[in-house]
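*Asks:* let's see this in three dimensions:
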Amino acid sequence: MRSIKTPLVLACAASLLVVSACNSEQNAKSATPAVTGVAVATVNGTAINQSRVDMIIKHGASAGQADTPEARKSIIDKLTMQTLIAEEAVKKGLDKLPEVTEQLAVLRQSVLADAYVQDFIKNTPVSEDLLKAEYDRIKATITGSEYKARHILVETEAEAQAIIAKLKTEPGSFAKLAMEKSRDAGSKVSGGDLGWFDVSRMVPEFSNAVSTLKKGAFTQEPVKTQYGYHVIFLEDSRAIEAPPFEEVRPELTQQMQQQNLKKQLDELKARAKIEIVGTPAVAR
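*Replies:* Sure, this is the predicted structure:
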(Lines give C-alpha, C1' and ligand atoms only; values in the text may rest on other atoms or scores of the structure.)
Protein backbone atom coordinates (compact mmCIF):
# COMPACT_ATOMS: atom_id res chain seq x y z
CA MET A 1 0.00 0.00 0.00
CA ARG A 2 1.41 3.34 -0.99
CA SER A 3 2.02 5.71 1.91
CA ILE A 4 0.83 9.30 1.75
CA LYS A 5 3.74 10.41 3.87
CA THR A 6 5.29 13.75 2.97
CA PRO A 7 8.70 14.95 4.21
CA LEU A 8 8.13 17.32 7.10
CA VAL A 9 10.01 20.56 7.66
CA LEU A 10 10.96 20.51 11.32
CA ALA A 11 11.65 23.96 12.71
CA CYS A 12 13.70 24.91 15.74
CA ALA A 13 13.40 21.58 17.58
CA ALA A 14 14.94 21.78 21.05
CA SER A 15 17.44 19.03 21.80
CA LEU A 16 18.74 17.62 25.06
CA LEU A 17 21.97 19.46 24.35
CA VAL A 18 20.12 22.75 24.22
CA VAL A 19 18.23 21.93 27.40
CA SER A 20 21.45 21.07 29.17
CA ALA A 21 23.23 24.11 27.81
CA CYS A 22 20.41 26.33 29.01
CA ASN A 23 20.90 24.86 32.44
CA SER A 24 24.52 26.01 32.24
CA GLU A 25 23.33 29.47 31.26
CA GLN A 26 21.11 29.64 34.33
CA ASN A 27 23.95 28.59 36.61
CA ALA A 28 26.37 30.98 34.96
CA LYS A 29 24.04 33.88 35.64
CA SER A 30 23.48 33.13 39.30
CA ALA A 31 24.82 30.84 42.02
CA THR A 32 21.87 31.49 44.33
CA PRO A 33 19.46 28.65 45.10
CA ALA A 34 16.38 28.43 42.88
CA VAL A 35 13.16 28.93 44.84
CA THR A 36 10.58 27.55 42.40
CA GLY A 37 9.57 23.90 42.26
CA VAL A 38 10.66 20.91 44.30
CA ALA A 39 14.41 20.40 44.54
CA VAL A 40 15.74 16.93 43.76
CA ALA A 41 19.33 17.93 44.63
CA THR A 42 21.40 20.93 45.66
CA VAL A 43 24.97 21.84 44.78
CA ASN A 44 26.60 24.28 47.19
CA GLY A 45 23.13 25.62 47.93
CA THR A 46 22.00 25.84 44.29
CA ALA A 47 18.83 23.82 43.75
CA ILE A 48 18.24 21.43 40.88
CA ASN A 49 14.47 21.32 40.47
CA GLN A 50 12.19 18.41 39.65
CA SER A 51 10.72 20.50 36.83
CA ARG A 52 14.09 20.63 35.12
CA VAL A 53 14.46 16.86 35.25
CA ASP A 54 10.88 16.47 33.98
CA MET A 55 11.63 18.80 31.06
CA ILE A 56 14.66 16.79 29.99
CA ILE A 57 12.70 13.53 30.35
CA LYS A 58 9.94 14.97 28.17
CA HIS A 59 12.37 15.90 25.41
CA GLY A 60 14.01 12.48 25.68
CA ALA A 61 10.63 10.76 25.34
CA SER A 62 10.09 12.47 21.98
CA ALA A 63 13.28 10.74 20.82
CA GLY A 64 12.13 7.36 22.11
CA GLN A 65 14.02 7.37 25.40
CA ALA A 66 12.28 5.62 28.28
CA ASP A 67 11.32 7.38 31.51
CA THR A 68 12.86 5.11 34.13
CA PRO A 69 14.32 5.62 37.62
CA GLU A 70 17.74 4.88 36.15
CA ALA A 71 17.28 7.54 33.45
CA ARG A 72 16.20 10.13 36.02
CA LYS A 73 19.13 9.30 38.28
CA SER A 74 21.51 9.70 35.34
CA ILE A 75 19.99 13.09 34.48
CA ILE A 76 20.28 14.29 38.08
CA ASP A 77 23.90 13.13 38.20
CA LYS A 78 24.68 15.02 35.00
CA LEU A 79 22.88 18.16 36.14
CA THR A 80 24.68 18.01 39.47
CA MET A 81 28.08 17.82 37.80
CA GLN A 82 27.10 20.45 35.25
CA THR A 83 25.98 22.84 38.01
CA LEU A 84 29.24 22.34 39.86
CA ILE A 85 31.35 22.94 36.75
CA ALA A 86 29.29 26.00 35.80
CA GLU A 87 29.86 27.52 39.24
CA GLU A 88 33.59 27.01 38.86
CA ALA A 89 33.43 28.65 35.42
CA VAL A 90 31.72 31.70 36.95
CA LYS A 91 34.37 31.91 39.66
CA LYS A 92 37.02 32.05 36.96
CA GLY A 93 35.11 34.72 35.06
CA LEU A 94 34.56 32.52 32.03
CA ASP A 95 30.97 33.71 31.77
CA LYS A 96 32.37 37.11 30.74
CA LEU A 97 34.36 35.77 27.80
CA PRO A 98 32.99 37.05 24.45
CA GLU A 99 32.73 33.56 22.93
CA VAL A 100 30.85 32.25 25.98
CA THR A 101 28.36 35.13 26.11
CA GLU A 102 27.80 34.69 22.37
CA GLN A 103 27.04 30.99 22.78
CA LEU A 104 24.65 31.70 25.65
CA ALA A 105 22.87 34.32 23.55
CA VAL A 106 22.50 31.86 20.65
CA LEU A 107 21.14 29.15 22.96
CA ARG A 108 18.66 31.54 24.55
CA GLN A 109 17.48 32.63 21.10
CA SER A 110 17.11 28.99 20.02
CA VAL A 111 15.00 28.09 23.06
CA LEU A 112 12.79 31.16 22.61
CA ALA A 113 12.30 30.35 18.91
CA ASP A 114 11.33 26.79 19.81
CA ALA A 115 8.90 28.07 22.44
CA TYR A 116 7.26 30.26 19.79
CA VAL A 117 6.93 27.30 17.42
CA GLN A 118 5.41 25.05 20.08
CA ASP A 119 3.01 27.80 21.16
CA PHE A 120 1.93 28.40 17.56
CA ILE A 121 1.27 24.71 16.93
CA LYS A 122 -0.63 24.36 20.21
CA ASN A 123 -2.83 27.38 19.54
CA THR A 124 -3.39 26.83 15.81
CA PRO A 125 -5.29 23.54 15.65
CA VAL A 126 -6.13 21.91 12.33
CA SER A 127 -9.87 21.40 11.90
CA GLU A 128 -11.41 18.04 11.09
CA ASP A 129 -12.84 19.44 7.86
CA LEU A 130 -9.40 20.60 6.67
CA LEU A 131 -7.84 17.25 7.57
CA LYS A 132 -10.46 15.33 5.61
CA ALA A 133 -10.20 17.69 2.66
CA GLU A 134 -6.43 17.22 2.51
CA TYR A 135 -6.84 13.45 2.84
CA ASP A 136 -9.32 13.41 -0.05
CA ARG A 137 -6.98 15.55 -2.16
CA ILE A 138 -4.03 13.21 -1.62
CA LYS A 139 -6.21 10.12 -2.02
CA ALA A 140 -7.33 11.33 -5.45
CA THR A 141 -3.71 11.44 -6.63
CA ILE A 142 -3.06 7.79 -5.76
CA THR A 143 -3.45 5.74 -8.93
CA GLY A 144 -2.01 2.65 -10.56
CA SER A 145 -1.49 -0.93 -9.45
CA GLU A 146 0.70 -2.83 -7.08
CA TYR A 147 2.01 -6.32 -7.64
CA LYS A 148 2.85 -9.46 -5.69
CA ALA A 149 5.66 -11.34 -7.36
CA ARG A 150 8.57 -13.71 -6.94
CA HIS A 151 11.90 -13.58 -8.71
CA ILE A 152 15.08 -15.55 -9.20
CA LEU A 153 18.26 -13.53 -9.68
CA VAL A 154 21.26 -15.13 -11.38
CA GLU A 155 24.55 -13.88 -12.76
CA THR A 156 24.37 -14.98 -16.40
CA GLU A 157 21.75 -15.07 -19.14
CA ALA A 158 22.47 -18.77 -19.69
CA GLU A 159 21.57 -19.55 -16.06
CA ALA A 160 18.31 -17.62 -16.44
CA GLN A 161 17.48 -19.44 -19.69
CA ALA A 162 18.05 -22.78 -18.00
CA ILE A 163 15.68 -21.84 -15.16
CA ILE A 164 13.00 -20.74 -17.63
CA ALA A 165 13.33 -24.03 -19.47
CA LYS A 166 12.94 -25.91 -16.18
CA LEU A 167 9.82 -23.87 -15.28
CA LYS A 168 8.22 -24.71 -18.62
CA THR A 169 8.29 -28.37 -17.69
CA GLU A 170 7.71 -27.87 -13.93
CA PRO A 171 5.69 -24.62 -13.45
CA GLY A 172 5.19 -25.29 -9.73
CA SER A 173 8.91 -25.39 -8.96
CA PHE A 174 9.51 -21.62 -8.91
CA ALA A 175 9.89 -21.26 -5.13
CA LYS A 176 12.16 -24.32 -4.92
CA LEU A 177 14.37 -23.02 -7.74
CA ALA A 178 14.56 -19.59 -6.12
CA MET A 179 15.81 -21.10 -2.87
CA GLU A 180 18.38 -23.15 -4.77
CA LYS A 181 19.54 -20.72 -7.46
CA SER A 182 18.78 -17.10 -6.57
CA ARG A 183 21.58 -14.68 -5.67
CA ASP A 184 19.13 -12.38 -3.89
CA ALA A 185 19.81 -13.28 -0.26
CA GLY A 186 16.87 -11.22 0.97
CA SER A 187 14.19 -13.11 -0.95
CA LYS A 188 15.65 -16.54 -1.73
CA VAL A 189 14.89 -17.88 1.77
CA SER A 190 11.17 -17.28 1.08
CA GLY A 191 11.24 -18.75 -2.40
CA GLY A 192 11.94 -15.44 -4.13
CA ASP A 193 8.87 -13.75 -2.60
CA LEU A 194 8.99 -9.95 -2.91
CA GLY A 195 5.61 -9.33 -1.30
CA TRP A 196 3.40 -6.49 -2.50
CA PHE A 197 5.17 -3.57 -4.14
CA ASP A 198 4.62 -0.53 -6.31
CA VAL A 199 6.60 -0.81 -9.55
CA SER A 200 8.00 2.69 -8.93
CA ARG A 201 10.20 1.08 -6.27
CA MET A 202 11.87 -1.17 -8.84
CA VAL A 203 14.41 -0.51 -11.57
CA PRO A 204 12.71 0.23 -14.94
CA GLU A 205 13.55 -3.07 -16.61
CA PHE A 206 12.06 -5.05 -13.73
CA SER A 207 8.99 -2.78 -13.53
CA ASN A 208 8.28 -3.10 -17.24
CA ALA A 209 8.49 -6.88 -17.11
CA VAL A 210 6.21 -7.21 -14.09
CA SER A 211 3.57 -4.82 -15.39
CA THR A 212 3.20 -6.79 -18.66
CA LEU A 213 2.87 -10.22 -17.04
CA LYS A 214 -0.47 -11.93 -16.56
CA LYS A 215 -1.40 -13.35 -13.18
CA GLY A 216 0.16 -16.78 -12.72
CA ALA A 217 2.70 -16.31 -15.54
CA PHE A 218 6.49 -16.04 -15.49
CA THR A 219 8.81 -14.19 -17.86
CA GLN A 220 9.63 -16.18 -20.98
CA GLU A 221 12.93 -14.34 -21.47
CA PRO A 222 15.54 -13.29 -18.88
CA VAL A 223 15.10 -9.73 -17.59
CA LYS A 224 18.46 -7.97 -17.46
CA THR A 225 19.04 -5.24 -14.86
CA GLN A 226 22.07 -3.73 -13.17
CA TYR A 227 21.90 -6.58 -10.64
CA GLY A 228 22.02 -9.47 -13.09
CA TYR A 229 19.38 -11.56 -14.86
CA HIS A 230 15.91 -12.11 -13.38
CA VAL A 231 13.20 -14.67 -13.90
CA ILE A 232 9.95 -13.19 -12.55
CA PHE A 233 6.69 -14.87 -11.57
CA LEU A 234 3.57 -12.71 -11.04
CA GLU A 235 1.30 -14.04 -8.30
CA ASP A 236 -1.28 -11.26 -8.20
CA SER A 237 -2.01 -7.55 -8.79
CA ARG A 238 -4.48 -5.03 -7.42
CA ALA A 239 -5.33 -1.35 -7.57
CA ILE A 240 -3.39 0.81 -5.12
CA GLU A 241 -5.60 2.07 -2.31
CA ALA A 242 -4.97 4.88 0.15
CA PRO A 243 -4.65 3.83 3.80
CA PRO A 244 -7.72 4.58 5.97
CA PHE A 245 -8.14 8.15 7.18
CA GLU A 246 -7.80 7.23 10.86
CA GLU A 247 -4.54 5.42 10.16
CA VAL A 248 -2.87 8.50 8.69
CA ARG A 249 -4.60 11.13 10.83
CA PRO A 250 -1.60 11.77 13.17
CA GLU A 251 0.83 12.05 10.27
CA LEU A 252 -1.55 14.23 8.27
CA THR A 253 -2.16 16.49 11.29
CA GLN A 254 1.56 16.98 11.77
CA GLN A 255 2.03 17.65 8.06
CA MET A 256 -0.65 20.35 8.04
CA GLN A 257 0.67 21.87 11.26
CA GLN A 258 4.05 22.20 9.60
CA GLN A 259 2.44 23.78 6.53
CA ASN A 260 0.67 26.33 8.75
CA LEU A 261 3.90 26.99 10.61
CA LYS A 262 5.85 27.54 7.41
CA LYS A 263 3.21 30.00 6.22
CA GLN A 264 3.40 31.87 9.52
CA LEU A 265 7.21 32.01 9.45
CA ASP A 266 7.17 33.18 5.83
CA GLU A 267 4.80 35.97 6.81
CA LEU A 268 7.01 36.97 9.74
CA LYS A 269 10.01 37.10 7.44
CA ALA A 270 8.11 39.10 4.82
CA ARG A 271 7.12 41.74 7.41
CA ALA A 272 10.58 41.97 8.92
CA LYS A 273 13.33 44.34 7.86
CA ILE A 274 16.23 41.98 7.19
CA GLU A 275 19.54 43.27 5.89
CA ILE A 276 22.38 40.91 5.04
CA VAL A 277 25.41 43.18 5.16
CA GLY A 278 27.95 40.59 4.06
CA THR A 279 29.05 37.02 4.19
CA PRO A 280 30.86 36.23 7.45
CA ALA A 281 34.54 35.56 7.02
CA VAL A 282 35.71 31.98 7.38
CA ALA A 283 37.50 31.49 10.71
CA ARG A 284 41.14 30.49 10.33
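
*Asks:* which parts of the protein are helices?
*Replies:* 16-29, 50-62, 69-91, 98-123, 128-141, 157-169, 174-181, 185-188, 204-212, 245-271 (DSSP state H).

*Asks:* give the other helices and strands that the fifth one contacts.
*Replies:* Identification of packing neighbours for helix 128-141 by 3 or more CB pairs under 8 Å, 6 or more residues apart in numbering; DSSP states H and E yields helix 245-271. Backbone N, C-alpha and C define where each C-beta goes, glycine included.

*Asks:* switch the helices of the chain over to TSV; also include distance to I232 and mean neighbour count.
*Replies:* Output for those, formatted as TSV (distance: least, CB to CB, whole Å; neighbours: other CB atoms under 10 Å):
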stretch	distance to I232	mean neighbour count
helix 16-29	48	17
helix 50-62	43	16
helix 69-91	50	15
helix 98-123	47	13
helix 128-141	28	13
helix 157-169	10	15
helix 174-181	10	18
helix 185-188	11	14
helix 204-212	6	17
helix 245-271	31	14
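
*Asks:* so M179 makes contact with D193?
*Replies:* No - assessed by CB atoms under 8 Å, M179 is found out of contact with D193, at 10.4 Å.

*Asks:* nearest to V231, of the helices of the chain?
*Replies:* Nearest to V231, of all these, is helix 157-169, at 5.0 Å by CB to CB.

*Asks:* what's the average pLDDT for the closest one?
*Replies:* Averaging pLDDT along helix 157-169 gives 97.

*Asks:* please enumerate residues in contact with that helix?
*Replies:* If you take CB atoms under 8 Å, 6 or more residues apart in numbering as the criterion, helix 157-169 is touched by 152, 154, 173-174, 177, 181, 218-222, 224, 229-231.

*Asks:* let me know the closest of those residues to D198.
*Replies:* The shortest approach to D198 among these belongs to H230, at 17.5 Å (CB to CB).

*Asks:* distance of that closest one from S182?
*Replies:* Counting by CB to CB, to the nearest Å, the gap from H230 to S182 is 9 Å.

*Asks:* what sits in contact with each of those two?
*Replies:* Common neighbours of H230 and S182 (CB under 8 Å, 6+ apart) are H151, I152, L153.

*Asks:* pipe these into JSON lines and attach distance to S145 and neighbour count per row.
*Replies:* Rendered in JSON lines, the data for these read as follows (distance: CB to CB, whole Å; neighbours: other CB atoms under 10 Å):
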{"residue": "H151", "distance to S145": "17", "neighbour count": "25"}
{"residue": "I152", "distance to S145": "23", "neighbour count": "32"}
{"residue": "L153", "distance to S145": "23", "neighbour count": "25"}
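
*Asks:* got a list of what K188 touches?
*Replies:* K188 touches A178, M179, S182, counting by CB under 8 Å, 6+ apart.

*Asks:* dump those residues into JSON lines; add pLDDT and distance to R72 as well.
*Replies:* Below are the contacts of K188 laid out as JSON lines (pLDDT from 0 to 100; distance: CB to CB, whole Å):
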{"residue": "A178", "pLDDT": "97", "distance to R72": "51"}
{"residue": "M179", "pLDDT": "97", "distance to R72": "50"}
{"residue": "S182", "pLDDT": "97", "distance to R72": "51"}
